[in-house]
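A.B. asks: Okay, predicted coordinates and the sequence, questions at the end:
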Amino acid sequence: MEPLKRLSVVLLAAGESRRMGEPNKLTLPVDGIPLLRRMAMMLSNYGRAEGCGFAELVVVTGHQQREAVEQLSGLPAVLAHNSAYSDGQMSSVLCGLTALNHPVDGVVICLSDLPLLDLEDLRAIHRAFSEANKPILVPTYQGERGNPIVLAYEQVEEIISTGRNLGCRHLIEREPERVTTLEMPNDHVLVDMDTPDNYKSVQARIAKQSITHLVDAV
């Protein structure tokens, strides 16, 4: 078995959450914990017992920066503010990648609204990237592309220098020689919280089977 590669994470939390309506989705509680804090807790706790955790967690803020920073209080995260967040997600990706300080083998690009993503999912993605011979890993469920994706560090340098979007949804079809796809055993990599209906669905699933035990208290 290949040793696990060393990874860092860029957590994107700069969006305007327009489709949710008035509340910012990242402040909504999921099983009693605001979504952004829940995601950051899980990522910062990942691998603590196994000694294979992420080298660095960079959280990119933008819209409602103060609220985001408050949610991250006490967590070991590097904050990077994207003042150009209205330019779209790629501007936040560039902001986060530029803020990384530690050389690693790869970088996880993670959305903040993946409420069902858990530590077992992260372990599977980490293991698959460590064993892959391609520079980009994309998780899928029933053939549908999900998140988070993982980029080899040389791809990070390419993005920073050229601004190229290696996370685009058509990359698998256009450049399959660069992409490993990992079929997941569940839909956690697909479920987001863009709308009120999404949020209700997530609440119903969490109520049936809590995954809080996979997010250690901090």
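C.D. replies: Structure received.

A.B. asks: Which parts of the protein are strands?
C.D. replies: Using DSSP state E, the strands of the chain run over residues 7-13, 29-30, 33-34, 57-61, 78-81, 106-111, 136-141, 144-145, 149-152, 179-183.

A.B. asks: Now do the same for the closest residue to residue 15 other than its chain neighbours: its pLDDT.
C.D. replies: Among residues not flanking residue 15 along the chain, residue 63 sits closest, at 6.2 Å (CB to CB, 6 or more residues apart in numbering). Backbone N, C-alpha and C define where each C-beta goes, glycine included. On pLDDT, residue 63 comes in at 84.

A.B. asks: ok, and the helix or strand in the chain with the lowest average confidence?
C.D. replies: Counting by mean pLDDT, DSSP states H and E, the chain has its least confident helix or strand at helix 171-174, which shows a mean of 72.

A.B. asks: Who is residue 149 paired with across the strands?
C.D. replies: Beta-bridge partners of residue 149, counted by DSSP bridges, are residue 109.

A.B. asks: Distance check, it against residue 129.
C.D. replies: Separation of residue 149 from residue 129 (CB to CB, to the nearest Å) stands at 9 Å.

A.B. asks: and these two? which has more neighbours close in?
C.D. replies: Just comparing residue 149 and residue 129: by other CB atoms under 10 Å the higher neighbour count belongs to residue 129, 26 against 22.

A.B. asks: my guess is residue 181 contacts residue 144, does it?
C.D. replies: No: with contact defined as CB atoms under 8 Å, residue 181 does not reach residue 144; the gap is 10.5 Å.

A.B. asks: which non-adjacent residue is nearest the spatially most central residue of the chain?
C.D. replies: Compute the mean C-alpha point of the chain, and by CA atoms, centre = their mean the closest residue is residue 110, 1.4 Å away. Leaving out its chain neighbours, the residue that sits closest to residue 110 by CB to CB, 6+ apart is residue 148, at 3.9 Å.
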